[in-house]
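> coordinates only, sequence not included:
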Ligand code: F6R
């Protein structure tokens, strides 16, 4: 969601900025723009609605010289429609300053009225234009002083990066709430970005700005105030050289990430489970399970919330820990009952989701113990949590989450088993689950080989516009996640329900044009789910079963997608992969932009 990329160095900035923005495309956006400054004190702005490629096409015929400092932005519209006028960078009235912004300035309407009273005229509908005009109003010759004043007036959230026509080698800005990193290379070129991953290969070291930081890079030096720290090499911040942006032979990153899930599971288990001795051993886990928590409250959004719903099932069934799950978008605005006996778990792939981050701050303010299940080391949630477990899914490049979900539910399973061991989980059960978990990565890799069969069923159902996703108990969160994947990737309407709930209302929608997908492995509610299948069939509805290979009732279903039967705790992984592939193939058949679904952003950094 909104990406910022800035550069100052000795090279022409234009290609560097557009290439940098291309690295941030995964965050989701609807328009893009860049602004550069040269030694003759000229500002040059190029904007385009649509993809970064369209921006690049516009730059192809432009020849610039000595524009060696600049800022770029991918915009995900919040204030004002998707037009070039609203696209960043935005400029001051005298076109001296230009700014890019990620976040929302909540008091922009009041500030705009004050500025209008002072005679300022606005050309866009954005809160960002208010920021740059306010900066202009506050400016009295000292950029940092004006920035300080600005940040004491605007109400967050923001990551802001400015350039100044009169100081062509200067980049300056501030961060509160939205992420921002600054990197530098041996040639003394400086980069600013919303995501350190976009700096891989460009810089040798980087620093993640903290909330409240104000920075100024000028003539090859960087100053970060609030703390006035020197920019020193910090081992934690040495960029890894992982090759995350390679598609290899896959047509889409989404498919590549689905196929990585066997290895992701190995990564999640490594260092936590010793399959030889059948033990769980990890310092963080040992610490958290010995603190005497009596309850758990899981808080997350979207896919991570669905992982939390399965986490609840694991924690209640295996560890006998009463567990509540809240969507973070609601949690902060409800009445929170925070106590010391509850473990507050925040699940987030990006570690930057504003709703989850804000909810975490509320829990911390009330002295609750916060625990992160996160995929991005150094992310805001990771830095704020009392303790955390990394999900080791590797970078999820494109918008819809797949391998991060698998890594999250695997992490929850390990957490529940670790708690279970301390809280009377039968050892035979513990051992049997661990034994089966060891086989899981290979099982998932074998299942992925059935992708073509899943595609045939997806092709058959692609013309349908509405779907139910059904499941119960452990399988309800899997149905919920499968339904979300279908919505995101195919733009088809789907709703997830407990199959038991169907008869309480939704059944009214069933007819021959409204198929249902039921997730029905070989476990306790199998027969109850079969009754739901019968209810649908007797009303003329079609049913696709996501079922185990030993299911003796296959002929009940119009179509079925099969996985190897295993334990209740592990079948959910196979079911997840089947539903991901089903959504992926249907989207491909329908010709959707799979890696960049419309209207969506990868990292949702506004509330
Ligand atoms: C769906 C998806 C989103 C995210 C949600 C929370 O495919 O990716 O629903 O799960 O925006 O994001 P994180 O996990 O980064 O907090």
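Received it, and whenever you're ready, just let me know what you need. Treat the numbers as computed from the prediction; the structure is a model and nothing was measured. Numbers count the residues shown, from 1 in each chain.
> and this structure, what are its domains?
2-238, 253-589 (automatic domain parsing).
> how about those domains in TSV, adding mean neighbour count?
Just so you know, the C-beta spots here come from the backbone N, C-alpha and C atoms, and that holds for glycine as well. Output for the domains of the chain, formatted as TSV (neighbours: other Cβ atoms under 10 Å):
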stretch	mean neighbour count
domain 2-238	20
domain 253-589	20
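> show me what residue of the stretch 101-250 of the chain gets nearest to the ligand.
Nearest residue of the stretch 101-250 of the chain to the ligand: residue 179, at 11.7 Å (Cβ to the nearest ligand atom).
> how near is that residue to residue 459?
From residue 179 across to residue 459, the span is 40 Å (Cβ to Cβ, to the nearest Å).
> residue 561 falls within a strand, correct?
Yes - according to DSSP: H, G, I helix; E, B strand; the rest coil, the state of residue 561 is that of a strand.
> who's it bridged to?
residue 546 (DSSP bridges).
> just to revisit the earlier point, by mean pLDDT, show me the worst of the domains of the chain.
The minimum mean pLDDT among those belongs to domain 2-238 (a mean of 88).
> one step back: will you turn the domains of the chain into TSV that also has distance to residue 599?
Formatted as TSV, those follow (distance: least, Cβ to Cβ, whole Å):
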stretch	distance to residue 599
domain 2-238	8
domain 253-589	9
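> near the ligand, which residues of the stretch 401-550 of the chain are found?
Counting by Cβ under 6 Å from any ligand atom, the residues of the stretch 401-550 of the chain close to the ligand are 401, 484, 488.
> closest one of the residues you listed to the ligand?
Nearest to the ligand among those: residue 401, at 3.4 Å, using Cβ to the nearest ligand atom.
> residue contacts, the residue found closest to the closest one once you drop the neighbours it is linked to in the chain?
Computed as Cβ to Cβ, 6 or more residues apart in numbering, the closest residue to residue 401 that is not its neighbour in sequence is residue 303, at 4.1 Å. Contacts for residue 303 (Cβ atoms under 8 Å, 6 or more residues apart in numbering) come out as 349, 401, 404, 405, 408, 481, 484.
> please apply the same query to residue 147.
With contact set as Cβ under 8 Å, 6+ apart, residue 147 has these partners: 135, 162, 172, 173, 174, 214, 216.
> in contact with whichever residue of the stretch 151-300 of the chain sits closest to the ligand, which residues?
Proximity to the ligand, evaluated over the stretch 151-300 of the chain using Cβ to the nearest ligand atom, is greatest for residue 300 at 6.3 Å. Residue 300 makes contacts with 307, 308, 325, 327, 328, 346, 347, 348, 353, 356, as judged by Cβ under 8 Å, 6+ apart.
> Serialize the residues you listed to a markdown table and add fields for distance to the ligand and secondary structure.
Below are the contacts of residue 300 laid out as a markdown table (distance: Cβ to the nearest ligand atom, whole Å; DSSP: H, G, I helix; E, B strand; the rest coil):
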| residue | distance to the ligand | secondary structure |
| --- | --- | --- |
| 307 | 8 | helix |
| 308 | 10 | helix |
| 325 | 14 | strand |
| 327 | 10 | strand |
| 328 | 8 | helix |
| 346 | 8 | strand |
| 347 | 7 | strand |
| 348 | 3 | strand |
| 353 | 3 | coil |
| 356 | 5 | helix |
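> returning to that earlier point: can you add secondary structure and give the residues of the stretch 401-550 of the chain next to the ligand back as a markdown table?
Output for these, formatted as a markdown table (three-state DSSP):
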| residue | secondary structure |
| --- | --- |
| 401 | coil |
| 484 | helix |
| 488 | helix |
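> report the two of the contacts of residue 300 separated the most.
Farthest apart among the contacts of residue 300 by Cβ to Cβ are 325 and 353. That separation is 15.4 Å.
> tell me what residue 468 is bridged to.
Counting by DSSP bridges, residue 468 forms beta bridges with residue 495, residue 516.
> who's in contact with it?
Residue 468 neighbours (Cβ under 8 Å, 6+ apart): 494, 495, 496, 497, 502, 506, 509, 510, 514, 515, 516, 517.
> same question, residue 171
Residue 171 makes contact with 6-8, 69, 71, 161-163, 190, 192, 216-218, according to Cβ under 8 Å, 6+ apart.
> would you say it is within a helix?
No - counting by three-state DSSP, residue 171 falls outside a helix, being strand.
> doesn't residue 444 belong to a helix?
Yes - assessed by three-state DSSP, residue 444 belongs to a helix.
> I'd say it and residue 265 touch.
Yes - Residue 444 is within contact range of residue 265, at 6.5 Å (criterion: Cβ atoms under 8 Å).
> now for the two: what residues contact both?
Among the neighbours of residue 444, those also in contact with residue 265 (Cβ under 8 Å, 6+ apart) are 406, 573.
> and the spatially closest residue to residue 220 that is not a sequence neighbour, its phi and psi?
Among residues not flanking residue 220 along the chain, residue 188 sits closest, at 4.5 Å (Cβ to Cβ, 6+ apart). For residue 188, the backbone dihedrals (degrees, to the nearest 10) come out as phi 60, psi 30.
> how close does the residue of the stretch 151-300 of the chain closest to the ligand get to residue 353?
8 Å.
> how close does the residue of the chain found nearest the ligand sit to residue 342?
Using Cβ to the nearest ligand atom, the closest approach of the chain to the ligand is made by residue 302 at 1.9 Å. Taking Cβ to Cβ as the measure, residue 302 falls 23 Å from residue 342.
> ok, residue 376 next?
Distance, residue 376 to residue 342, using Cβ to Cβ: 25 Å.
> next: residue 350.
Noted for residue 350: a distance of 25 Å to residue 342, by Cβ to Cβ.
> check residue 564 too.
In this view, residue 564 and residue 342 are 37 Å apart by Cβ to Cβ.
> what does residue 574 give?
Residue 574 is 32 Å from residue 342, by Cβ to Cβ.
> next: residue 103.
Using Cβ to Cβ, one gets 30 Å for the distance from residue 103 to residue 342.
> what do you get for residue 516?
Relative to residue 342, residue 516 is positioned 37 Å away (Cβ to Cβ).
> do residue 591 as well
From residue 591 to residue 342 the distance is 47 Å (Cβ to Cβ).
> ends of stretch 393-401, how far apart?
11 Å (Cα to Cα, to the nearest Å).
> hmm, back to that, which neighbours do residue 300 and residue 353 share?
Taking Cβ under 8 Å, 6+ apart as the contact rule, the neighbours common to residue 300 and residue 353 are residue 328.
> and this protein, which of its residues are near the ligand?
Within the chain, the positions near the ligand by Cβ under 6 Å from any ligand atom are 301-304, 348-350, 353, 356, 400-401, 484, 488, 604.
> could the contacts of residue 303 be laid out in TSV, adding secondary structure?
As requested, those are exported to TSV (three-state DSSP):
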residue	secondary structure
349	coil
401	coil
404	helix
405	helix
408	helix
481	helix
484	helix
